[in-house]
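**Student:** Here is my input, please return the structure:
(3 chains)
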Amino acid sequence: MPTQPDANRSALVRRARLANRRLALAYPDAHCELDFNSPLELLVATMLSAQCTDVRVNLVTPALFRRYRTAADYAGAERSELEELIRSTGFFRAKSNSIIGMGQALCERFAGEVPSRLVDLVTLPGVGRKTANVVLGNAFGIPGITVDTHVGRLARRLGWTEEVDPERVEAELNAMFAKTEWTPLSHRLIFHGRRCCQARKPNCAECPIASLCPSAGQAI
DNA sequence: ATCCCGAGGG
DNA sequence: CCCTCTGGAT
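**Tutor:** I've put the predicted structure just below:
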């Protein structure tokens, strides 16, 4: 006989998994919307995506990826030139510093290659868990929940977690879903967050998982 | 005025 | 825990 908190917990997990299945039907084409052709390109694009739309990132990366092709290219990049190429993505000074430092770190510690382990990725300047999980999930096929602004907001609205710290949100979602769902679930939540459950105006009237959402219809 | 596929520093 | 970094879109 399960205790009451356990029963509530398992009901929550069943509701969350049902929502994931409905999101899979609603967004069968959910995928990483950053344009890239290599792990290094995805790493750079993801570093640029902080507080910036992926549409904006995809506007600057074609010229960026033509100018810099290897880790050594980034390591030796001229700061002012790199800054101008990425200026419109915001935080351009910090991002330039991170990208140059990232290139140097790859050359010095990883033979110029992007590492495929989270513990290694997060040692790179400007690379946190979110960026690391994007690279792992989309360039190396290693499952991970990417807790960006959308995933965090939706997980809280859906009542899947009350945590604010992205690492804690990630841990809670990891415990609720099969590992094979971690990356596709992240993509579905991001698609849903952009197209329907937006930060300022959630469209609960047309939301495919409103019946599974404790926040539906409420002013958030 | 608020938000966008965050990370680092104090 | 907080704060800051930055430009563009709505």
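
**Student:** From start to finish, how long is stretch A:209-216 in a straight line?
**Tutor:** When the termini of stretch A:209-216 are compared using C-alpha to C-alpha, to the nearest Å, they are 9 Å apart.

**Student:** Tell me the gap between that stretch and the middle of its chain.
**Tutor:** Its chain's C-alpha centre lies 23 Å from the corresponding centre of stretch A:209-216 when counted by C-alpha atoms, centre = their mean, to the nearest Å.

**Student:** what's the answer for stretch A:64-75, then?
**Tutor:** The chain centre lies 23 Å from the centre of stretch A:64-75; the measure is C-alpha atoms, centre = their mean.

**Student:** Now for A:Thr146, how many residues are close by?
**Tutor:** When neighbours are counted by other C-beta atoms under 10 Å, A:Thr146 registers 27. All C-beta spots, glycine's among them, are computed from the backbone N, C-alpha and C.

**Student:** no, scratch that, I was asking about A:Glu33
**Tutor:** There are 16 residues near A:Glu33, going by other C-beta under 10 Å.

**Student:** ok, now which ones touch the closest residue to it other than its chain neighbours?
**Tutor:** Leaving aside its chain neighbours, A:Glu33 sits nearest to A:Asp54 (4.6 Å; criterion: C-beta to C-beta, 6 or more residues apart in numbering). Residues in contact with A:Asp54 (C-beta atoms under 8 Å, 6 or more residues apart in numbering) are A:33-34, A:45.
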